[in-house]
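Undergrad: quick check, what structure comes out for this input:
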Amino acid sequence: MKGFDLVALLSNPGFRAMLLHGLFMTFVVAIGSWLLAMSLGIALLAIRQLPGRIAEAAVAAYISYHRNVPTLVQLMLWYFGIASLLPGALQEWLSDHNAEALFAILGLGLCQAAYFSEDLRSGLRAVPPGQEEAAHALGHGFIGTMRFVLMPQAFRNALPALVNHTVSLFKNSSLAMAIGVAELTHAVKEVESESFRTFETYLVATIIYLACSLLLMAAGAALSRRATLAGAR
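TA: The predicted model follows:
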C-alpha cells in the first residue's frame, strides 16, 4: 500500500496537465452555462411580465419542468436523446466541435435559467410599486421601465440568491462528466486510475472545488456590499 504523498502526485507533469485541463473545461462549462442561464432567465422574467395568461403559463411550465427533473437526467436527455434526433450533418459537426461540452452548457444553462428567473422575479417583487408608477410618469414605456428602473433594483435585491445559485451551477458542472466532458471530476478519475492514489487525488479535487466556491462567494459578498451602498445613496 502506498503511503500518503501529495507531492508525488502533483510533481508528475502528466497528472498536472490532466488536472489543469480538467479545471479549464470546468470553467468553460460553468461560464458558458452561466451566461446562457442569466440571459434566458432575464428573458423569462420579461415574458412573464407581459399581459395575458398564456405567457405566464408557458414560463411557469418551463420553470416547473427544470426545477423538478434532476439535472443529470436533463443532461442525458439532451446528449443521448435529443442529439440523436438532429440531422446527420449537424451531428457530425457537433462531434467535431466538442459536442459533449456544448450539450453540457446547453443542459445546465437551460436548467439554471429557471432558478435565475425565479430569483429575479423575487427581487422584482421586492421593488416598491411606486417605482414603476414613477417611471411611467417620466415617460418610460415597458422596456424602458424594466431596463432603467425595475431591473437594476431587482438585481440588487436578488443578488444573494443569484450568488448561491451561481455556486451551485459551478458545482453542478461536475455532472457533465456523465456525458463525457473532460472536466475536473473526469480528470480526477483518470488521474486516480493511473496513479492509484485515491485519497490524494480526491483531496486535490476537494481543495480546488472548495477554493473556487469560496472565491465565488467572496466575490458575491463584495458585490452585495457595493450594491447596498449604491442603493443607500
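
Undergrad: element containing Ala30, please.
TA: helix 13-48 (DSSP states H and E).

Undergrad: next SSE after that helix?
TA: Using DSSP H and E, the next helix or strand after helix 13-48 towards the C-terminus is helix 53-68.

Undergrad: residues of that following helix that come out buried?
TA: Neighbour-count burial for helix 53-68 flags Val59, Tyr62, Ile63, His66 (criterion: 16 or more other Cβ atoms under 10 Å). (Each C-beta comes from the backbone N, C-alpha and C, glycine too.)

Undergrad: report the inter-axis angle for it versus helix 13-48.
TA: 150 degrees (axes from the mean of the first three to the mean of the last three Cα atoms, to 10 degrees).

Undergrad: and the buried residues of helix 53-68, which two are furthest apart?
TA: By the measure Cβ to Cβ, Val59 and His66 form the most distant pair in these, at 11.0 Å.

Undergrad: and the helix holding Ala30, which residues are buried?
TA: So helix 13-48, judged by 16+ other Cβ under 10 Å, has buried residues 15, 18-19, 22-23, 25-26, 28-30, 32-34, 36-38, 40-42, 44-46, 48.

Undergrad: state the mean pLDDT of that helix.
TA: In this model, helix 13-48 has a mean pLDDT of 95.

Undergrad: same deal with stretch 53-60?
TA: Averaged across stretch 53-60, the pLDDT comes to 90.

Undergrad: before we move on, what about stretch 121-140?
TA: Mean pLDDT, stretch 121-140: 80.

Undergrad: just how off-centre is that stretch within its chain?
TA: Distance, stretch centre to chain centre, for stretch 121-140: 28 Å (Cα atoms, centre = their mean, to the nearest Å).

Undergrad: same thing with stretch 118-134?
TA: Distance, centroid of stretch 118-134 to centroid of chain: 24 Å (Cα atoms, centre = their mean).

Undergrad: so which elements touch the host helix or strand of Leu124?
TA: Using DSSP H and E, the element containing Leu124 is helix 99-125. Here helix 99-125 touches helix 13-48, helix 53-68, helix 71-76, helix 88-96, helix 151-172, going by 3 or more Cβ pairs under 8 Å, 6 or more residues apart in numbering; DSSP states H and E.

Undergrad: can you add distance to Leu108 and give these back as a markdown table?
TA: Below are these laid out as a markdown table (distance: least, Cβ to Cβ, whole Å):
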| stretch | distance to Leu108 |
| --- | --- |
| helix 13-48 | 4 |
| helix 53-68 | 10 |
| helix 71-76 | 7 |
| helix 88-96 | 17 |
| helix 151-172 | 6 |
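
Undergrad: out of these, which comes closest to Gly141?
TA: Comparing these against Gly141 with Cβ to Cβ, the closest turns out to be helix 13-48 (13.0 Å).

Undergrad: distance-wise, check Ser95 relative to Phe103.
TA: Between Ser95 and Phe103 the distance is 11 Å, computed by Cβ to Cβ, to the nearest Å.

Undergrad: between those two, which one's more packed in?
TA: Remark: of Ser95 and Phe103, Phe103 carries more neighbours, 23 against 11, as counted by other Cβ atoms under 10 Å.

Undergrad: confidence score at the more buried one?
TA: Predicted confidence (pLDDT) for Phe103: 96.

Undergrad: measure stretch 80-96 end to end?
TA: Start and end residues of stretch 80-96 are separated by 17 Å (Cα to Cα, to the nearest Å).

Undergrad: I misspoke; the intended subject was stretch 134-141.
TA: End-to-end for stretch 134-141, by Cα to Cα: 11 Å.
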